[in-house]
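**Student:** sequence plus the predicted model coming up.
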Amino acid sequence: MRGVIMILYGIYTSPFVRRIATTLKLYDLEFTNIELKTSNAAQLSELRSKNPLGRVPAFETDAGALLIDSIAILDYLDRLVGIKKSLIPSDFEQRTTVMTQIGILNGAMEKTVSAVYEIEKRPEDKIHQPWLEQLHQQTKDGMEAIDNLAMTPWINGEKMTQADVSAVVFWDAIKQVRPNDVPAIECPKLVALSERANSLSAFSETYKVRGH
Ligand SMILES: N[C@@H](CCC(=O)N[C@@H](CS)C(=O)NCC(=O)O)C(=O)O
């Protein structure tokens, strides 16, 4: 049964949540956002009723089905809007290219999330510095690999794809949390891409500064 509005659980400071919100807006799909923070005990308990992992994003379809993990949610949204509108191309070669790019971007973002948790969740004397350095390096390597291959105006040329949405929301998030005393990430093309994308309402309306 369809008819009830789709619900996105999670807060836009999570890049994985923001990429779903941005994609929903780019697809002109109506949805409600319920801001559940994993750092708030009551909200975490509500989130666990949607996702046993207590992780965001969680997503409820208009038929009441629950989806977790942003890749699975994107897959659902792409099927909903159809191949003409989907930000992941259906053409075999183009699809493989975009999926590879998304895979690198996911990894780069996950490494930064792990680095943030290493710093914020561990007592200071338990932080394992070599591991932390490796995480920072992996994010740098992943984002710079995408910057190297990026074309203009979008990563794959004339048409925006999910690689652009993911690159922009991840870049915006990484910039906010990356410490100054680790190797800087050199991504001039992603800087320009983020500026261009954030002039679109689907990106600017979902941009949120951590801690606000
Ligand atoms: N692979 C997942 C990653 C989601 C993720 O890492 N979410 C973080 C926020 S950015 C979270 O909920 N962390 C809390 C936890 O893992 O306990 C996805 O793509 O949805």
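**Tutor:** Done, it's in. Residues are numbered from 1 along each chain as shown.

**Student:** now do the strands in the protein.
**Tutor:** Defined through DSSP state E, the strands belonging to the chain, from first to last, are 6-9, 31-34, 58-60, 66-68.

**Student:** residues touching the residue of the chain most remote from its centre, list them.
**Tutor:** When distances are taken from the C-alpha mean of the chain, Asp125 lies farthest, 30.6 Å away, according to CA atoms, centre = their mean. Under the criterion of CB atoms under 8 Å, 6 or more residues apart in numbering, the contact list for Asp125 is empty. Every residue, glycine included, has its C-beta placed from N, CA and C.

**Student:** how much space between it and the ligand?
**Tutor:** For Asp125, the distance to the ligand under the criterion CB to the nearest ligand atom, to the nearest Å works out to 23 Å.

**Student:** could you do Phe92 as well?
**Tutor:** Phe92 sits at a distance of 24 Å from the ligand (criterion: CB to the nearest ligand atom).

**Student:** and if you look at Val182?
**Tutor:** Val182 is 19 Å from the ligand, where distance means CB to the nearest ligand atom.

**Student:** how about that residue: what's its closest non-neighbour residue?
**Tutor:** If you skip the residues right next to it in sequence, Val182 has His136 as its closest partner in space, 4.3 Å away by CB to CB, 6 or more residues apart in numbering.

**Student:** surely that neighbour and Pro183 touch.
**Tutor:** Yes. A contact is recorded between His136 and Pro183 when judged using CB atoms under 8 Å, the distance being 6.8 Å.

**Student:** these two - which one has more neighbours?
**Tutor:** Comparing His136 with Pro183 by neighbour count (other CB atoms under 10 Å), the higher total belongs to His136, at 20 against 11.

**Student:** near the ligand, which residues of this protein?
**Tutor:** Ser14, Phe16, Thr38, Gly54, Arg55, Val56, Pro57, Asp69, Ser70, Ile71, Val113 (CB under 6 Å from any ligand atom).

**Student:** from these, which land in helices?
**Tutor:** Phe16, Ser70, Ile71, Val113 (DSSP state H).

**Student:** for those residues, which two are the farthest from each other?
**Tutor:** Spanning the widest gap among these are Ile71 and Val113, at 14.9 Å by CB to CB.

**Student:** and the residue nearest in space to the middle of the chain, what does it touch?
**Tutor:** Here the mean C-alpha position of the chain is nearest to the C-alpha of Phe16 (CA atoms, centre = their mean), at a distance of 3.2 Å. For Phe16, the contact set (CB under 8 Å, 6+ apart) comprises Gly10, Val56, Pro57, Ser70, Met109.

**Student:** got it, and Val56?
**Tutor:** Under the contact definition (CB under 8 Å, 6+ apart), the residues listed for Val56 are Tyr9, Gly10, Ile11, Ser14, Phe16, Val17, Leu36, Thr38, Leu47.

**Student:** give the buried subset of those residues as a PyMOL selection command.
**Tutor:** Here is the PyMOL selection string for the buried members of those, based on 16 or more other CB atoms under 10 Å:
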select buried, resi 9+10+11+14+16+17+36+38+47
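
**Student:** no more questions from me, cheers.
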